[in-house]
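Engineer: Everything below, folded, please.
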Amino acid sequence: MIISTGRRYIFVHIPKTGGTSLAAALESRAMRDDILIGDTPKALRRRARVRRLEARGRLWKHARLADVDGVLSPDQIAAMRVVTLVRNPWDRMVSYYHWLRAQRFDHPAVGRAGALGFSAFVLHPDTQAEMENDTVDRYLTMADGRVARADAIRIEHLEADMAGFRAHLGFDPAPGRLNVSDRPRGYADAYDAEARKSVGRLFAEDIARFGYRFEG
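Structural biologist: Model (predicted):
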């Protein structure tokens, strides 16, 4: 997450959407008072500043707008430009699974991905519960229950969808590719019918909102 009061924007980093690349590009032009929350180089150098903040929730790279209550009020958030990246949920789930399988830290999802094939991982009750809480609006809901208006930039249409944010910034952040998971190209072959249907159900709102479909 990035909170830039100087440039009047908040970047909400939804996992496995290319957010690390955009965060790194934005922090390369960060202002002195920008709050950088994450594991990119400049964010790590400013970590002491983040520790001094008093927030309602956990301040980490994938913090949600409700988490930053106390740092910014819902009305302050609503007055800023909120930006996030979004991704086809079927593609995002494959990326998440392969990223988990490459990790070695102690977390239930890491162990689950390491022990299960893709379809069994998707259909596991714990994965289902996690994903029900991982839709775009869950990240954009403020502490008072309102969903913030946001520039939701589809990574599949990055050039076109970034236009408004580029104009707001006055420069092009031009994100590269960082934190890429080791996975096969494409996602369709990872799915059987049941897993495909399950992801479609879990992310039905995002799929309809952003015009996604299963392509295979």
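Engineer: For residue 61, which three-state class applies?
Structural biologist: Three-state call for residue 61 (DSSP: H, G, I helix; E, B strand; the rest coil): coil.
Engineer: contacting residues for it?
Structural biologist: Residue 61 makes contact with 1, 13, 19, 20, 23, 37, 38, 39, 43 under the criterion C-beta atoms under 8 Å, 6 or more residues apart in numbering. C-betas here are computed from N, CA, C, even on glycine.
Engineer: Take the residues you listed and keep only those in helices.
Structural biologist: 19, 20, 23, 43 (DSSP state H).
Engineer: on that earlier part again, take the contacts of residue 61 and write them to JSON lines, including neighbour count.
Structural biologist: Shown next, in JSON lines, are those (neighbours: other C-beta atoms under 10 Å):
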{"residue": "1", "neighbour count": "25"}
{"residue": "13", "neighbour count": "23"}
{"residue": "19", "neighbour count": "25"}
{"residue": "20", "neighbour count": "22"}
{"residue": "23", "neighbour count": "28"}
{"residue": "37", "neighbour count": "27"}
{"residue": "38", "neighbour count": "25"}
{"residue": "39", "neighbour count": "12"}
{"residue": "43", "neighbour count": "22"}
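Engineer: give me phi/psi at residue 150?
Structural biologist: phi -150, psi 150 (degrees, to the nearest 10).
Engineer: low-confidence ranges in this protein?
Structural biologist: Residue ranges of the chain with pLDDT under 70: 176-184.
Engineer: what's the single longest helix in it?
Structural biologist: Longest helix in the chain, counting residues (DSSP H): helix 89-101.
Engineer: What is that helix packed up against?
Structural biologist: Packing partners of helix 89-101 (3 or more C-beta pairs under 8 Å, 6 or more residues apart in numbering; DSSP states H and E): helix 108-115, helix 118-123, helix 193-202.
Engineer: just so I know, which of the ones you listed lies nearest residue 129?
Structural biologist: helix 193-202 (10.0 Å; C-beta to C-beta).
Engineer: and that closest one with helix 89-101, angle?
Structural biologist: Going by axes from the mean of the first three to the mean of the last three C-alpha atoms, to 10 degrees, helix 193-202 is angled at 110 degrees with respect to helix 89-101.
Engineer: Grab the CA positions of whichever helix or strand comes after helix 193-202 and hand them over as PDB.
Structural biologist: Taking DSSP states H and E as the definition, the helix or strand that follows helix 193-202 towards the C-terminus is helix 204-210. C-alpha atoms of helix 204-210 as PDB (Å, rounded to 0.1, in the frame of the first residue of the first chain):
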ATOM      1  CA  ALA A 204     -18.800 -13.700  -9.600                       C
ATOM      2  CA  GLU A 205     -19.100 -10.000  -8.700                       C
ATOM      3  CA  ASP A 206     -15.600  -9.200  -9.900                       C
ATOM      4  CA  ILE A 207     -16.000 -11.200 -13.100                       C
ATOM      5  CA  ALA A 208     -19.200  -9.400 -13.900                       C
ATOM      6  CA  ARG A 209     -17.900  -6.000 -12.900                       C
ATOM      7  CA  PHE A 210     -14.700  -6.100 -15.000                       C
END
